[in-house]
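Chemist: Provided below are the primary sequence and the corresponding predicted coordinates.
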Amino acid sequence: MTKNLQLSDPFWTSGLVNRVEEFWGRDAELGGLEANIKRSGIAITGPVGIGKSSLLSMMRLMLEGFNTDLNSVCTLAMCGSEDEPWHLARKLFRHFRRVTIKKVQERGIDLKGLVWKETTAENDLNEDDYITAVYEILTDLSSRNQFDYIVVLFDESHKCPIALAELIRSLKEQLEHEGIAEVRFMTAGIGAYVDKMVKHDSGIGRAFQNHFKLTPWEEEIAKDFVRNKLQQVVSESEEHGLEIEVRGTHDDDLETVFYRLSGGHPFLTQLLGSYLIRHENSDPDDVLDSKDLVGAMQEICGRTRSPEYSEMIATLESSGMKDSYKRLTTSLTQKAPSQISRSDFDLAVGEDGRTWFLENGFVFESGGVFQLTDELLRVSVMLQEDAASASQEEQDILEDDEDDEDNEFDDFDE
């Protein structure tokens, strides 16, 4: 590689994917959006980094007319751990006034004559007034008969499920009494927040008859994503006179190596890809291969996603499930990606333990077997206790020498 030239990094590691061209997968959820939103609101659940906020963002674009015939108005509130219902209503009120109106007008829709916009000064509102103000906004928008749906979105919903349930209940009851049927609520958050909402108010479940529990990408979707990104790198390099080779291991192509490491977890896949490019740029040999992934797992666990893993481990500890998690990971019948049967799962942690891990998003079921949702969490747990073991774990996965006679690094002997 020419010394001054660097490979461009096409992987998205900055969090929420809010560009249509960068969004990947979730065809089933997006494909059924029009039918689902007609029936009721939508709740999205899943672990950290699985793509909940990105899916919520894409659904919002589609509801507003992108690649669909829908014409909806959407507004959003980010939930906080200390929020009460009126805090959430205040966030919606501000978003309506500062963002939603502008976005709707940019679509050429006239919203003149909004009484609440012209006459309601925020400094005149007290806590209870915000919920009333949001209700008046919704009824005002409904009365115009300009929109298919009026959609209220909440992200980070796991941070205040009780307050969220109470706000939605309050608004929903008032709207139903007025015969307003086009308002929908959409939420996204970690873990079993929907169950907490329903436990607090059993009737709230009627607002979310569509519940999407996100899991990692299926294998072919994950591989296609990596293949597409690597082809971008090769094509852009050729434009600058560089010849970059993508090389797998002795047995597998590079996208399969990615899948073994990430298990199809979207954000882990992006982080691994970015590490691959950075490693090649720092130590160029014009080949993208498994050697460029050495050290990736420890960097992601120890630095890039350290806060997320610390929080997940804290959840395991506070719930008394850390030892069970360790037993589970040592009982896996397959690693890279992980796999365990129901019988082995129950033998390791018991039926109640299996239920807990499923409900809290640490594992998911696919094809009759179970898989860890985040393949690197177990590496992070190992790093806390034995860094050498974590390093060996990475080497074992990259080499995939379990039950193999050939070492996959044979092609890289110097």
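Modeler: Now that the structure is in, tell me what you want to look at.
Chemist: Residue 264 is in contact with residue 217, correct?
Modeler: Yes. At 4.0 Å, residue 217 counts as touching residue 264 under the criterion of C-beta atoms under 8 Å. Glycine gets a C-beta too; all of them are placed from N, C-alpha and C.
Chemist: all strands for the protein, in order.
Modeler: With DSSP state E as the criterion, the chain has strands at 42-46, 73-78, 150-155, 183-190, 210-213, 245-246, 287-288, 363-366, 369-372.
Chemist: Switch these over to JSON lines; also include mean pLDDT.
Modeler: Output for the strands of the chain, formatted as JSON lines (pLDDT from 0 to 100):
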{"stretch": "strand 42-46", "mean pLDDT": "96"}
{"stretch": "strand 73-78", "mean pLDDT": "96"}
{"stretch": "strand 150-155", "mean pLDDT": "97"}
{"stretch": "strand 183-190", "mean pLDDT": "97"}
{"stretch": "strand 210-213", "mean pLDDT": "94"}
{"stretch": "strand 245-246", "mean pLDDT": "94"}
{"stretch": "strand 287-288", "mean pLDDT": "95"}
{"stretch": "strand 363-366", "mean pLDDT": "92"}
{"stretch": "strand 369-372", "mean pLDDT": "96"}
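Chemist: so which of the ones you listed gets nearest residue 26?
Modeler: strand 210-213 (8.5 Å; C-beta to C-beta).
Chemist: How about the closest one, which residues are buried there?
Modeler: Buried positions in strand 210-213, judged by neighbour count with 16 or more other C-beta atoms under 10 Å: 210, 212.
Chemist: helices and strands around that strand, which ones?
Modeler: Applying 3 or more C-beta pairs under 8 Å, 6 or more residues apart in numbering; DSSP states H and E, one finds that strand 210-213 makes contact with helix 33-39, strand 42-46.
Chemist: Show me how far it is from its chain's centre.
Modeler: Centroid separation for strand 210-213 versus its chain: 13 Å, with C-alpha atoms, centre = their mean, to the nearest Å.
Chemist: can you check stretch 366-376 too?
Modeler: How far stretch 366-376 lies from its chain's middle: 16 Å, per C-alpha atoms, centre = their mean.
Chemist: cool, and stretch 189-206?
Modeler: For stretch 189-206, the distance to the chain centre is 19 Å (C-alpha atoms, centre = their mean).
Chemist: Begin at 211, not 1, for the rest of this chat.
Modeler: Will do, 211 is the new start, and the previous item becomes stretch 399-416.
Chemist: Go ahead and name everything in contact with that stretch.
Modeler: Applying C-beta atoms under 8 Å, 6 or more residues apart in numbering, the contact partners of stretch 399-416 are 250, 253-258, 262, 289, 364-369, 371-372, 374-376, 378-379, 397, 418, 421, 569-571.
Chemist: In ChimeraX, how would I select the buried members of those?
Modeler: Applying 16+ other C-beta under 10 Å to these, the buried members can be selected in ChimeraX as follows:
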select :250,253,254,255,256,257,258,262,289,364,365,366,367,368,369,371,372,374,375,376,378,379,397,418,570,571
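Chemist: picking that back up, can I get the helices and strands packed on strand 420-423 in JSON lines including distance to residue 440?
Modeler: Listed next are the helices and strands packed on strand 420-423 as JSON lines, based on distance: least, C-beta to C-beta, whole Å:
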{"stretch": "helix 243-249", "distance to residue 440": "30"}
{"stretch": "strand 252-256", "distance to residue 440": "26"}
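Chemist: separation between residue 317 and residue 609?
Modeler: 54 Å (C-beta to C-beta, to the nearest Å).
Chemist: between the two, which one's more packed in?
Modeler: Applying other C-beta atoms under 10 Å to residue 317 and residue 609 shows that residue 609 carries more neighbours, namely 18 against 10.
Chemist: Out of the strands of the chain, which is closest to residue 602?
Modeler: The closest of those to residue 602 is strand 579-582. By C-beta to C-beta, the value is 18.2 Å.
Chemist: which residues sit in contact with residue 390?
Modeler: Contact analysis of residue 390 by C-beta under 8 Å, 6+ apart lists 348-349, 352.
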